[in-house]
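Student: take a look and give me a structure for this.
(chains A and B)
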Amino acid sequence: MDEEQVGRDGFAFEGNWRDYAPIAFTNLLLTIVTLGVYRFWATTRTRRYLWANSRFIDDRLEWTGTGKELFVGFLMAVLLIGLPFLFIQFGAQALILRGQNGLAGILTILAFLVIFYMAGLARFRALRYRLSRTWWHGIRGGSDNPGFGYGLSYMWKSLVGSLALGLMIPWSMMSLWNERWNKMSFGPHMFEAAGDHGPTFKRFLLFYLFPFILVAIGAFAAIWIVPMMPRLEQGTPPPVSAILLIALVPITFYLALGLIALAFYAKFFRVAVDGLSLSGLNFHFYARTKEWINLFLGDFALVVCTLGIGAIFLQYRHWKFFITHMGVTGEIYTDELTQSQTRVARHGEGLLDALDVGAF
Amino acid sequence: MSDFRPWHYDGRSAVRRSVVLLDADDGGFRLEESESGWTGEPVAWTDLTVIATESDRVAYGHRAIPGWRMGFSGDAPPEIAAHLPKGERYGRWIDRFGFWRAAGVFTIVAALVVWGALEAPGLIAPLIPKAWENRMGDAMVGDFGGRFCHTPAGDAALRALVARIDPKGEAREVALANIPLVNAVTLPGGRIILFDGLVQQAGSPDEVAGVLGHELGHVRHRDTLTGLVRQLGLSAVLGGFGGNAGGYLNGVLSLSYGRDAESVADSVAIDQMRAAAISPAGTAAFFARMGGKGEADRTEQAMTWLSSHPLSADRRKRFEQAVDKGGRYRPALDGAQWQALRTACKSDPHVAKAWASPF
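Tutor: Sure, this is the predicted structure:
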């Protein structure tokens, strides 16, 4: 009775955008009239709705974070990061004005390193915060690790990742993902993350193939298309088709680069989640590149067609995408899933907020 | 009450129970699962908190037991429903106020905050004691890295120029800095610093006198302080919530005081020049020259006097119109003095060298 066999459909999203719309619109209104202060409470209301409509196995998730703790987290980030940085900026300027360029440079590099470290720390803390506010069957997640070590790992692994023309990036991304999740727990169980960067590598190599494809296309154009174009008389403007063709080049360039990034990330996320397990449960992610493309095309259409207002539904869309493509297999013993004893921080993800790096 | 069977988690394990509510002795209730014989601790009604109030799923928590949950779908029997707490919707304050009333009040407060942020610096700055302002300026200027140019003749020439434009000594200090930027700044505490680049660029002492007069206007109205309060204050009130605190302070060099303050400072310059019988024509020419030099490379342009004192045709015209055709003007400095001022930085053996690449 306490054991639950779980098939592929361990996750399901049961909300709909009509129910969410009143939340989204009132959030927008209140955020505007409070000059943005309400956004912490808005985030909370949105998450409460999204979590409460996400079914995991046999029951819905619960979000118990509050707007107040997000607000406090934000104030702390302003105090701990904002003020010192105002000071450093002021100081660096004063130093430059006095000709102490070297000292100002050191100060600036130091500030950069601190920001770098904080970005890693913030990622870790945000995941920890979100897990500690996520409940299922009256049990929550969390971590007792403060993430200071992860901040250092983030620095050196990111640096190593950029070595060798970035060939180590898949390794650094996966290794950081594993390190992050291996320190998280739900109830009494630790998450185990054993994602392997190897399978993602082939997609990553597309980035390196890309310049060659570009050169090939360029050469093809130079040899075949250009001679076929009608010679322009001196002084006559080039035909519209030629202008369009030239304008298309950079657009295609970025589009192709974006597609490669998306193809890589789709694979990365599948492999990373597939490597994740909790006690007897194995997690899976089923979205392929095509679904990611559809997600972003949908986002784009939604925002453009509503002149931007549709942006208030992006969070909903992304969560729905995430949940509907999540899966879980294995078995869970609810009597062994006891309450988490991890410490709960009183404040929200202010650091992440301030540095504007996304979790998940 | 017996056919009302909520689900329950006790917060210790994830086991889901189907329970009934039994009256407890002290007015609260206890939960019991008859199939397994499980019984929970007594719970007071006032310990209940609201977890979810979705239409198809209502859930309550316990104030002191994390993870304790009791929930059901549909409606609770009236004798139970009467005890259940009400949930929050928009947040406690807004719920108490009502959505539209709260939105209205917030709009008014927001408008007041924005208006206050725009107006307050002008009101606050005069209240800041002069001593504080002086100390602030002293801290900013330090010794300017030993960059102030001093030669006996140059100092005398600068003193002579200041005596004509600022006979009452409103500026606490006017100094010449060995920095090759076409710029002049007013620091808090009535300190004016002319950059050597400006003096070199100027075609005549009258032009420097015009700039000095203008900066004197900023000193008189404490514009630098107002600008500082505005930049720091606004970023704290509005920009701070944008997520990137820290990117706001551009330094006193790029402070902009607003159109009105600039116009007032121009009036001060014109008045002082008239009183000192210095022709404003030179200053007008300076404006024309700087405005026409649009092709200068961008970093250079960004660091000139015009970046913080935006040029408009109106401003140039004002100086042109201020020229009295029949007036008897006297150059701001005589030839020897002008020469001494222009060579002050070059001939001061102790002054710190200008850096090769500015900023």
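Student: thought residue A:61 was touching residue A:48?
Tutor: No. Under the criterion of C-beta atoms under 8 Å, residue A:61 makes no contact with residue A:48, lying 10.1 Å away. The way it works is simple: take the backbone N, C-alpha and C, and place the C-beta from them, glycine included.
Student: quick one: which of those two has more around it?
Tutor: Higher neighbour count among residue A:61 and residue A:48: residue A:48, with 21 against 18, using other C-beta atoms under 10 Å in any protein chain shown.
Student: ok, that one - contacts?
Tutor: In this structure, residue A:48 makes contact with A:63, B:52, judged by C-beta atoms under 8 Å, 6 or more residues apart in numbering or on different chains.
Student: that one falls within a helix, correct?
Tutor: Yes. Assigned with DSSP: H, G, I helix; E, B strand; the rest coil, residue A:48 falls within a helix.
Student: and it, how far is that from residue B:77?
Tutor: The gap separating residue A:48 from residue B:77 is 26 Å, by C-beta to C-beta, to the nearest Å.
Student: next one: residue B:4
Tutor: With distances defined as C-beta to C-beta, the gap from residue B:4 to residue B:77 amounts to 5 Å.
Student: between those two, which is the more surrounded one?
Tutor: Relative neighbour count places residue B:4 above the other of residue B:4 and residue B:77, with 15 against 11, counting by other C-beta under 10 Å.
Student: host element of that one?
Tutor: Element membership of residue B:4, judged by DSSP states H and E, is empty: it is in no helix or strand.
Student: and the longest helix for chain A?
Tutor: If each helix of chain A is counted by residues according to DSSP state H, the longest one is helix A:240-274.
Student: check which element follows it along the chain.
Tutor: Scanning the chain past helix A:240-274 towards its C-terminal end, the next helix or strand to appear is strand A:276-278 (assignment: DSSP H and E).
Student: which helices and strands does the longest helix of chain A pack with?
Tutor: Of the remaining helices and strands, those touching helix A:240-274 by 3 or more C-beta pairs under 8 Å, 6 or more residues apart in numbering or on different chains; DSSP states H and E are helix A:169-182, helix A:201-220, strand A:281-285, helix A:289-305.
Student: other SSEs contacting the third one?
Tutor: Okay, so that is strand A:281-285. With contacts defined as 3+ C-beta pairs under 8 Å, 6+ apart, strand A:281-285 has these neighbours: helix A:240-274, strand A:276-278, strand A:326-333.
Student: go on, the longest one?
Tutor: Here helix A:201-220 is seen to pack against helix A:169-182, helix A:240-274 when contacts are counted using 3+ C-beta pairs under 8 Å, 6+ apart.
Student: adding mean neighbour count and mean pLDDT, write these out as JSON lines.
Tutor: Below are those laid out as JSON lines (neighbours: other C-beta atoms under 10 Å in any protein chain shown; pLDDT from 0 to 100):
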{"stretch": "helix A:169-182", "mean neighbour count": "21", "mean pLDDT": "95"}
{"stretch": "helix A:240-274", "mean neighbour count": "15", "mean pLDDT": "85"}
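Student: how about residue A:210: what's its closest non-neighbour residue?
Tutor: Nearest in space to residue A:210, with sequence neighbours left out and distances taken as C-beta to C-beta, 6 or more residues apart in numbering or on different chains, is residue A:260 at 6.3 Å.
Student: fine by me, thanks again.
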